[in-house]
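Trainee: pasting a predicted model and its sequence here:
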Amino acid sequence: MATATIAAIFVYLALGLLVAVPMAWRGIDRLDPAAARGSPGFRIVAIPGIMVLWPLVLARWSRGARP
Amino acid sequence: MSHRYRAVQWTRHKAVYDGVIAGACVAFVAVFIGIGMAVHRPPSEVSVPILLMRALGTLAIVLLHVVLAIGPLSRLWPRTTFLLANRRHLGVATFLVALLHAAVVLGFYGGFGVQNPVLAVLVRPDGSVGFEFPGFLALLVLFVLAATSHDIWLAFLGHALWKWVHMAAYGAYALVVAHVALGVLAGKPSIFLPALLLAGVLVLGGLHLAAGRRERHRDARGPSPHARAEDGWIDIGDPASIPDQRARVLCIGGGHRVAIFRVGDRLTALSNVCAHQGGPLGEGQVMDGCVTCPWHGYQYRPHDGQSPPPYSERVPTYELRVRGGRVQVCPTPNAPGTPTTPIAIPSPTSPRP
């Protein structure tokens, strides 16, 4: 059970990383107008947040919504 | 603010704040290891790597206490509000120190083996978990908080949900307490850390209770039922006693607070809740013509609750009126950013409308 829980956490974060790299590079611009003018450092800092929130980020991105 | 994101919105104040945090962390670890080496002389089994992991773990716990104490401290002693302004930096520092602690533990106990080092440390051969597991979960929570600490996630989630998510810091704290308590039962650390943690729990609990008590007392001083007009508008009390460029905060029921700002002889009313992180606008002051949040310096024009360009944050405004020589506020907020007309403070001799 513990092993499965740990594995699930790492799989979730690995999938998040796969989503995060392209999303931080370009996709995030669709989520927030201020992100489109974001610095390269901001895009790197955004990666861990996308890894955590990636299902929500993908859902919001697919709707093309801006907050 | 929201016009352009950078990795860190550096200012001189933030640079000094972070420099102090980094210097204090290095000094703490150095002193901890120095004392540890003096106490645990050879042939003691406590080596430098063990002292390092204990130093980093203890430091992470100390930082977590500071992070959780800043909120109630700023309510009890407003002079400490400056600590609140960059609390997120302290939170990220806490995660990084905890991560270093975990890295040393993994390297020391699980490195260079045939088994996955994470599983080697966290899962016993019989499949059960020990005191390390709550520590691992606490690290995960701290990661979530650090990863979502940037302003873009505040805008993405909205400040209410973001704040709710970041209340998980208390969950991380509970997991840390479990980590240390189970470690004691497993006979791992000395009595020093549990004693320190017990003192921390008592101090944190006391601070939160005292701050909550003060907030309730402050709300209770709001308008009495007699101060409401028949149409529900609320008397704000003596406007002349509001200091210039400052505000009086009224609790208008339902947990809502209105900040009545005075600029010269004019009054305006805004929601007391900053659109950024929910800071108490009424505890700030008017600077450069704008209401300035005491937490992070977000600014709003007093008459329409709108951040000056190029920023786009807005807070609800409230209508004010003069009736019978008294100033009253409408309890129903306007939409965020709605312009209002500032009213003049009625003088005792002015005609009563």
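Mentor: That came in fine, so what should we check first?

Trainee: doesn't B:Ser47 make contact with B:Gly36?
Mentor: No. Contact criterion C-beta atoms under 8 Å: B:Gly36 and B:Ser47 do not qualify, at 9.8 Å. Where you see a C-beta, it was placed from the backbone N, CA and C, and this is true even at glycine.

Trainee: between the two, who's got more neighbours?
Mentor: Neighbour tally, B:Gly36 and B:Ser47, criterion other C-beta atoms under 10 Å in any protein chain shown: the higher count belongs to B:Gly36, 18 against 13.

Trainee: how about that one, nearest residue that isn't a chain neighbour?
Mentor: With sequence-adjacent residues excluded and distances taken as C-beta to C-beta, 6 or more residues apart in numbering or on different chains, B:Gly36 is closest to B:Leu51, at 4.0 Å.

Trainee: neighbours around the one you found, how many?
Mentor: 19.

Trainee: which SS class is it?
Mentor: Counting by DSSP: H, G, I helix; E, B strand; the rest coil, the backbone at B:Leu51 sits in helix.

Trainee: OK, contacts around it?
Mentor: Counting by C-beta atoms under 8 Å, 6 or more residues apart in numbering or on different chains, B:Leu51 touches B:Phe32, B:Ile33, B:Gly36, B:Met37, B:His40.

Trainee: and those as TSV, adding pLDDT and secondary structure?
Mentor: Shown next, in TSV, are the contacts of B:Leu51 (pLDDT from 0 to 100; DSSP: H, G, I helix; E, B strand; the rest coil):
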residue	pLDDT	secondary structure
B:Phe32	95	helix
B:Ile33	95	helix
B:Gly36	91	helix
B:Met37	91	helix
B:His40	84	coil
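
Trainee: tell me the one of those residues nearest chain A?
Mentor: Chain A has its nearest neighbour among these in B:Phe32, at 28.2 Å by C-beta to the nearest C-beta.

Trainee: B:Ala55 and chain A: what is the separation?
Mentor: 25 Å (C-beta to the nearest C-beta, to the nearest Å).

Trainee: mind giving me the packing neighbours of the lowest-mean-pLDDT helix or strand in chain A?
Mentor: Every helix and strand of chain A was ranked by mean pLDDT, DSSP states H and E. The lowest is helix A:33-36, at a mean of 84. Applying 3 or more C-beta pairs under 8 Å, 6 or more residues apart in numbering or on different chains; DSSP states H and E, we find helix A:33-36 packed against helix B:151-157.

Trainee: and the helix it packs on, what's its mean pLDDT?
Mentor: Averaging pLDDT along helix B:151-157 yields 90.
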